[in-house]
Structures are given as C-alpha cells and as structure tokens.
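**Q** any chance you could fold what I've pasted below:
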Amino acid sequence: MNYAAIATVPTEGGAGLGHQYTYTDYTPNPGENYYRLKMVSYSGVATYSGIVTASIAGAGRLTLFPNPCDGSIISASITSVGVAGASLTESVYTIDVYNDQGVLIKHTSSPTSTFNIQFTPSLTPGAYAARVSSSSGLIGVASFVVRR
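**A** Below you'll find the predicted structure:
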C-alpha cells in the first residue's frame, strides 16, 4: 500500500509531556480510507503507528464550479455516482466550507441538489474544501481555489 502525506502537525513541548494531537481529513475519498501516523523523534528517528480505516459511504459526488472562482460565489451540484440502488432523494443537503487551516467558514443548507454558495465578505485567495452531507451521512467532498 502506498501512503501520501496529507498533513504535518508540529510537536508541542518535549518527550513525555502527554500531548494529544488531532487532525481532520476534510477531503476523504469515497470507500475505505487508510491512515497511519509517522512520528519523528527529536533525534530524527521515524516510527509508524498502526493502520486505522475510515469508511466513507457516499452515494454522490459534489462538483463545484467555476473552479477557480473569484471568492464571492460558487455553484455546487450533487450527483449520483452509480452506486447500485443509490439515489439522491434527500430533502435537505448541508454544506460546510473550510479554509486551508481546517476552520469552518461557511455552514449552509439547500433543499435542492444544485445551488449557489455566496460568501459575504468574499473569500481571500487560497485553497478551500467543501463537504456536503444529508441525514443519511456524508455525500461528497470537493476542493476549490479562490483567485483574483
């Protein structure tokens, strides 16, 4: 299995101080996602944690356009991805938008599978991630870029 680094979390304090570290993957892939930690000591010795999995049962795909956008508005479309027996018949979709630091910057909902997300004030240039969910769970994630 090949792993790709998705984040680096800086150390806090010294050895034996018992710090807890967290990181949230806001753009997991549908299906099984495998995670492990690479921990590097102050002396440069690397060790790896055990593998954990997260199953993302999405029956849809979130598409954002235009991408890149100007930061004032972006359109979103939720479509089925052909999962046997799956259909997108939810009554309300919840959309969360996060900046590149993982901070929630917009929380909104829509009763339809195609909608616009407006940002007031406009977003600053950079990378963002959006995730859409319903009462059934996570449907899809997508990233977008703001340029001016």
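**Q** please parse this protein into its domains.
**A** For the chain, the structural domains run 1-56, 59-146, going by automatic domain parsing.
**Q** need the least confident one among the ones you listed, by mean pLDDT.
**A** Per-stretch mean pLDDT for the domains of the chain is lowest at domain 1-56 (a mean of 82).
**Q** so how far is it from its chain's centroid?
**A** 16 Å (C-alpha atoms, centre = their mean, to the nearest Å).
**Q** next one: stretch 94-107
**A** For stretch 94-107, the distance to the chain centre is 9 Å (C-alpha atoms, centre = their mean).
**Q** which residues does that stretch contact?
**A** Applying C-beta atoms under 8 Å, 6 or more residues apart in numbering, the external contacts of stretch 94-107 come out as 23-24, 26, 76, 108-110, 115, 117, 119, 123, 126-134. No exception for glycine: its C-beta is placed from N, CA and C like everyone else's.
**Q** can you flag the buried ones in these?
**A** Buried by 16 or more other C-beta atoms under 10 Å: 26, 76, 110, 115, 117, 119, 123, 128-134, out of the contacts of stretch 94-107.
**Q** looking at the residues you listed, which is nearest residue 53?
**A** Set against residue 53, the nearest of the buried ones among the contacts of stretch 94-107 by C-beta to C-beta is residue 26 (17.4 Å).
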